[in-house]
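Participant: My questions concern the predicted model and sequence given below.
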Amino acid sequence: AFAANPRNSFIATRLAKVYSNRDPKEAARILKEALDANDRDQRLHYAYAKLVMNSGDPDLQVVLHHLQRAFTFGDSNYDAHLLYGRQLFIDGNRDGWWKVFEHLRNAKIHAESRHKLLYPLAQESSGVIAQLEVAYCWLVRDGPGDRIYAHKNAFHETHFADLRKGARVRFKIAFNMKGPSALYVVDE
């Protein structure tokens, strides 16, 4: 069916999914061929970006390119929006990721999905507590100086009530529909 109609994104993505675990190169070939035949299909760009992301050594510029073409503001492919914002965050494009997550914050989605943390970054970050509230705080990450939200449930070895502004912490970063959030926060 794919050989007869490589423009059909449903067939291409299903066939690539079958190959993705046992032969990722064949899955990539199928998606590239489908993209050559139908470069405007957002599902194909999304599937290819996810395939490249899950490869052992992803080319982040290729991922960014295809994620950018995997959605349009106003559609409901929120996972593509989120992954694009995540990739812009990784690249240090603050204005870009801020715009994406600002749009996602206003999306009409279920509250549970809005707050679920997804796609954690592999590396650990460190920083200081910049603002402390009753149930959450804001961390300022060393280096880029990004403000990262941290809910009190993100603190594991430290009691949230014992925290003080200016304290140094280490944490992982994951993403929800509101932007980057800290998890596994510990005292440094």
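Facilitator: Looks like it came in fine.
Participant: Let me know the secondary structure of residue 82.
Facilitator: Following DSSP: H, G, I helix; E, B strand; the rest coil, residue 82 is assigned to helix.
Participant: Give the next helix or strand downstream of the worst-scoring helix or strand of the chain on mean pLDDT.
Facilitator: One helix or strand of the chain scores below all others by mean pLDDT, DSSP states H and E: helix 111-115, with a mean of 86. With elements assigned by DSSP states H and E, the helix or strand that comes after helix 111-115 is strand 125-132.
Participant: Can you point out the buried residues in that following strand?
Facilitator: Applying a neighbour-count criterion of 16 or more other Cβ atoms under 10 Å, the buried positions in strand 125-132 are 125, 127, 129. (Glycine included, C-beta is placed from N, CA and C.)
Participant: For the helix or strand following that strand, buried residues please.
Facilitator: Where DSSP H and E defines the elements, the next helix or strand beyond strand 125-132 is strand 136-141. Neighbour-count burial for strand 136-141, counted by 16+ other Cβ under 10 Å, picks out 136-139, 141.
Participant: what ranges do the strands span in this protein?
Facilitator: Along the chain, counting by DSSP state E, strands occupy 125-132, 136-141, 147-151, 168-176, 179-187.
Participant: Let me have those in CSV, adding mean pLDDT and distance to residue 3 as columns.
Facilitator: Output for those, formatted as CSV (pLDDT from 0 to 100; distance: least, Cβ to Cβ, whole Å):
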stretch, mean pLDDT, distance to residue 3
strand 125-132, 95, 47
strand 136-141, 95, 49
strand 147-151, 95, 48
strand 168-176, 96, 38
strand 179-187, 93, 43
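Participant: and residue 79, which of those strands is closest to it?
Facilitator: Checking the strands of the chain against residue 79 by Cβ to Cβ gives strand 168-176 as the closest, at 10.6 Å.
Participant: what's the closest one packed up against?
Facilitator: Applying 3 or more Cβ pairs under 8 Å, 6 or more residues apart in numbering; DSSP states H and E, one finds that strand 168-176 contacts helix 78-90, strand 125-132, strand 136-141, strand 147-151, strand 179-187.
Participant: a markdown table please, covering the ones you listed and showing distance to residue 5.
Facilitator: What follows is these, written out as a markdown table (distance: least, Cβ to Cβ, whole Å):
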| stretch | distance to residue 5 |
| --- | --- |
| helix 78-90 | 24 |
| strand 125-132 | 46 |
| strand 136-141 | 47 |
| strand 147-151 | 46 |
| strand 179-187 | 40 |
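Participant: which one of those lies closest to residue 56?
Facilitator: When the helices and strands packed on strand 168-176 are ranked by proximity to residue 56 (Cβ to Cβ), helix 78-90 comes first, at 17.0 Å.
Participant: picking up where we left off before, closest one to residue 10 out of the buried residues of strand 125-132, please.
Facilitator: Residue 10 lies nearest to residue 125 out of those, by Cβ to Cβ, at 39.4 Å.
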